[in-house]
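Colleague: need a 3D model of the following:
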Amino acid sequence: QVQLVESGGGLVQPGGSLRLSCAASGIIFSIGSMGWYRQAPGKQRELVAAITSGGSTNYADSVKGRFTISRDNAKNTVYLQMNSLKPEDTAVYFCNADLTYYSGSYLRQRDYWGQGTQVTVSS
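Modeller: Residues are numbered from 1 along each chain as shown. Here you go, the predicted model:
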């Protein structure tokens with residue numbers, strides 16, 4: 001069964017740091033772009049950062065200079081290092097990945113989402 005499993009959320013004080021991880025499991029053939037999104041209460045889900053299979057990155061303006069996205073292709077894992085956290089970063093963070101995987105003897109491709117991990121920035 002193919003899935004994305006996130007970890008690393010929690011409660012942190014303003015100015016603190018957290019590192020989120022998201023690992024793809026299953027019989028994965030390849031992974032295209034991977035990204036992190038977040039959704040705060042009463043707001044729409046928004047892109048935080050994304051990284052292509054070649055390593056190109058893009059960030060939301062609100063997190064530039066504070067967050068860093070990276071990936072380990074050997075581990076099918078994407079990371080989000082979050083520094084200088086602010087209360088407005090509080091949200092549920094979701095991992096997203098474009099996965100090509102084996103289903104029986106067939107190759108299939110689709111977008112997958114993780115289950116979400118809560119990040120709370122508060123003193």
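Colleague: now the residue located most distally from the centre of the chain: how far from I27?
Modeller: What lies farthest from the middle of the chain is S105; by C-alpha atoms, centre = their mean that is 28.8 Å. When C-beta to C-beta, to the nearest Å is the yardstick, S105 and I27 sit 11 Å from each other. Backbone N, C-alpha and C define where each C-beta goes, glycine included.
Colleague: ditto for Y106
Modeller: 11 Å.
Colleague: how about S33?
Modeller: 20 Å.
Colleague: ok, back up a step: Y106 and I27: which has the busier surroundings?
Modeller: The neighbour comparison of Y106 against I27 (other C-beta atoms under 10 Å) goes to I27, with 11 against 7.
Colleague: can you report phi and psi for that one?
Modeller: I27 has phi and psi values of phi -90, psi 90 when expressed as degrees, to the nearest 10.
Colleague: which ones are touching the closest residue to it other than its chain neighbours?
Modeller: In space, and not counting its chain neighbours, I27 is closest to Y102: 4.1 Å by C-beta to C-beta, 6 or more residues apart in numbering. Taking C-beta atoms under 8 Å, 6 or more residues apart in numbering as the criterion, Y102 is in contact with I27, F29, R108.
Colleague: what's around the closest residue to G9 other than its chain neighbours, how many residues?
Modeller: Excluding the flanking residues, the one nearest G9 by C-beta to C-beta, 6+ apart is T117, at 3.4 Å. Using other C-beta under 10 Å, T117 is surrounded by 22 other residues.
Colleague: what about T117, distance to I28?
Modeller: 21 Å.
Colleague: check Y79 too.
Modeller: Taken as C-beta to C-beta, the span from Y79 to I28 is 17 Å.
Colleague: give me the more crowded residue out of these two.
Modeller: Using other C-beta under 10 Å as the criterion, Y79 and I28 rank with Y79 on top: 21 against 14.
Colleague: what strand or helix carries the nearest residue in space to that one that is not next to it in sequence?
Modeller: Leaving out its chain neighbours, the residue that sits closest to Y79 by C-beta to C-beta, 6+ apart is S70, at 5.0 Å. Following DSSP states H and E, the helix or strand that holds S70 is strand 67-72.
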